[in-house]
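Enquirer: Give me a 3D structure for the following:
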Amino acid sequence: MGGPSFIDGKCHEETNNFQACRFEVDGIEYCSAENYFQTQKGTTTEAREKVRNSGPGAACYMAGSYVHPLRPDWESVKVQVMYDGNKAKFEQNSEFAKALMSTKGDVRFGSSTTFWNTWNGLIMERIRAELRRNGPEDEETVKRIKELMDKYQRDNEM
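Expert: All right, here's what the predicted structure looks like:
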């Protein structure tokens with residue numbers, strides 16, 4: 001589910017996966033990070049397009065919830081897919097990138113499952129560090145979270 005994060009004691013809407021915006025991945029336009037994420041569950045062009053055309057928020061979440069069959073590697077790649085969609089979102093929407101880069105503290109989510117609250121926070125912290133590249137601390141953050149993501153993927157491969 002969507003919802004903004006809290007960083008430095010403030011609500012940050014730009015971190016909401018349901019936040020409407022435009023970005024492209026591989027020449028295909030998406031209307032939110034959640035739209036990208038839910039679209040990637042499908043195994044056919046028809047299934048992916050149905051979800052992609054459903055909108056940025058709850059509608060795409062619902063459309064993605066009914067994608068069958070799921071791609072067989074979904075459990076192992078879903079964290080990477082969420083990262084990929086958000087990375088493209090922030091790289092292609094400079095106002096979102098500037099807002100995220102201006103923060104310093106831990107990124108906390110509370111509107112979803114424990115799993116996604118944790119991973120969405122880590123994903124945003126990685127993207128923030130990648131966008132800033134302010135020195136050793138950011139480099140270490142990127143390395144640490146990438147290692148966690150790689151471990152998740154390895155641990156969940158079929």
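Enquirer: In which helix or strand does residue 64 reside?
Expert: helix 58-65 (DSSP states H and E).
Enquirer: Going along the chain from that helix, find the next helix or strand for me.
Expert: helix 74-92.
Enquirer: For the helix holding residue 64, output the C-alpha coordinates as CSV.
Expert: Listed next in CSV are the C-alpha coordinates belonging to helix 58-65 (Å, rounded to 0.1, in the frame of the first residue of the first chain):
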residue,chain,number,x,y,z
ALA,A,58,-5.2,2.3,-5.2
ALA,A,59,-6.6,1.3,-8.6
CYS,A,60,-3.2,0.0,-9.8
TYR,A,61,-2.7,-1.7,-6.5
MET,A,62,-6.0,-3.5,-6.9
ALA,A,63,-5.4,-4.3,-10.6
GLY,A,64,-1.9,-5.7,-9.6
SER,A,65,-3.5,-7.8,-6.8
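Enquirer: Give me the pLDDT for the residue lying closest to residue 109 once chain neighbours are set aside.
Expert: Using C-beta to C-beta, 6 or more residues apart in numbering and skipping the chain neighbours, the partner closest in space to residue 109 is residue 117 (4.2 Å). Where C-beta positions appear, they are placed from N, C-alpha and C, glycine not excepted. Looking at residue 117, its pLDDT stands at 95.
Enquirer: same thing with residue 1?
Expert: pLDDT, residue 1: 61.
Enquirer: what's the answer for the one 4 residues further on, then?
Expert: Listed pLDDT for residue 5 reads 95.
Enquirer: OK, contacts around it?
Expert: 11-12, 15-16, 107-109, 120-121, 124 (C-beta atoms under 8 Å, 6 or more residues apart in numbering).
Enquirer: again, 7 Å this time
Expert: 12, 15, 107-109, 121, 124 (C-beta atoms under 7 Å, 6 or more residues apart in numbering).
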